[in-house]
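Peer 1: Provided below are the primary sequence and the corresponding predicted coordinates.
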Amino acid sequence: MQAKLPGRIIFRTYLRSFALQGSWNFERLQGLGALYVMTPVLKYYFQGTDRLKAFRRHLGYFNTHPFLAPSLLGTAIHYEAGIAAGTGTSDNFDAYRQMVMAPYAAMGDALFWGGLRPLAAAMALLLAAGESPWAPVLFLLVFNLPHLWFRWNGLFLGCRKGFDAIEVIQKMRLPDLAVRLKEGTVILLGGFCAYLISIELGARSLSLLWAFACLPAIYLLGWLARKGVSTLLLVWIVVALTTMTIEMAF
């Protein structure tokens, strides 16, 4: 960045990123929310008519995943600093924003909604099956800590790197990470099936060899996950069908 922002401004911007989706409209979607996030920065850099022009630059269309949005807004901060210093323009940033919003949205959906949230749910289910009171705490920690990290580091990454921030995010291989999280969820669901069946078999004084009957179901779960079926839906199916099957069979 051409001008260093005070820590308090960066922190206020970070806190405001949680309200990105506080105002939607059909024409600009998250546009008002993005302007709200950027307001402390724009007020710091600009005065008078320059501030009004800066506000107008961020009133346009904006729509991406809320957990990856701080990285894009950090890049906006980087280039607003350049404009304030007289060494840059907003033209290139407008093109950059239009280019990365959709990929960020797709990566964020796959990673957080399709990968991390079902994994957190599956881990919490394992604890809940053991009647642990820490199950909801585990879910909140597993899901929230990563996205808080992405928000904070993404904001600083965009501020420091500008356009080059996207190269760093590409190196993270987030789509591959999403696939690994889904695979981990399927493994946990398989273990959850085996755990529930072993409990029911033990309660009925039946041989644990019956537990091998769940192997086709585990294979089916993996096949459905590879076909793109929501792993969060698979969590619900496992809980429902495992219990129903045991009751019907025994």
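Peer 2: Arrived safely. If you're wondering where the values come from, they're calculated on a predicted model, not measured in any experiment.

Peer 1: in this structure, what spans have low per-residue confidence?
Peer 2: Along the chain, segments meeting pLDDT under 70 span 1-3, 87-91, 199-219, 221-222, 225-226, 230-232, 234-250.

Peer 1: what segments of it are helices?
Peer 2: 7-16, 31-45, 48-57, 69-85, 91-108, 117-129, 135-161, 165-171, 174-203, 215-226, 231-249 (DSSP state H).

Peer 1: for G22, which of those helices is the nearest?
Peer 2: Closest to G22 of the helices of the chain is helix 31-45 (Cβ to Cβ; 5.6 Å). C-beta coordinates here come from the backbone N, C-alpha and C atoms, glycine included.

Peer 1: what's that closest one in contact with?
Peer 2: Residues outside helix 31-45 that contact it (Cβ atoms under 8 Å, 6 or more residues apart in numbering) are 3, 5-6, 9, 12-13, 16-17, 19-25, 51, 54-55, 58-62, 69-70, 73, 76-77, 80-81, 83-84.

Peer 1: can I get the helices of the chain in JSON lines with mean neighbour count?
Peer 2: Shown next, in JSON lines, are these (neighbours: other Cβ atoms under 10 Å):
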{"stretch": "helix 7-16", "mean neighbour count": "16"}
{"stretch": "helix 31-45", "mean neighbour count": "20"}
{"stretch": "helix 48-57", "mean neighbour count": "13"}
{"stretch": "helix 69-85", "mean neighbour count": "24"}
{"stretch": "helix 91-108", "mean neighbour count": "16"}
{"stretch": "helix 117-129", "mean neighbour count": "21"}
{"stretch": "helix 135-161", "mean neighbour count": "17"}
{"stretch": "helix 165-171", "mean neighbour count": "15"}
{"stretch": "helix 174-203", "mean neighbour count": "18"}
{"stretch": "helix 215-226", "mean neighbour count": "15"}
{"stretch": "helix 231-249", "mean neighbour count": "16"}
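
Peer 1: residues touching the residue minimising distance to the centre of the chain, list them.
Peer 2: Among the residues of the chain, F112 comes closest to the average C-alpha position under Cα atoms, centre = their mean, at 3.3 Å. Contacts of F112 were listed using Cβ under 8 Å, 6+ apart, and they are 65, 67, 146-147.
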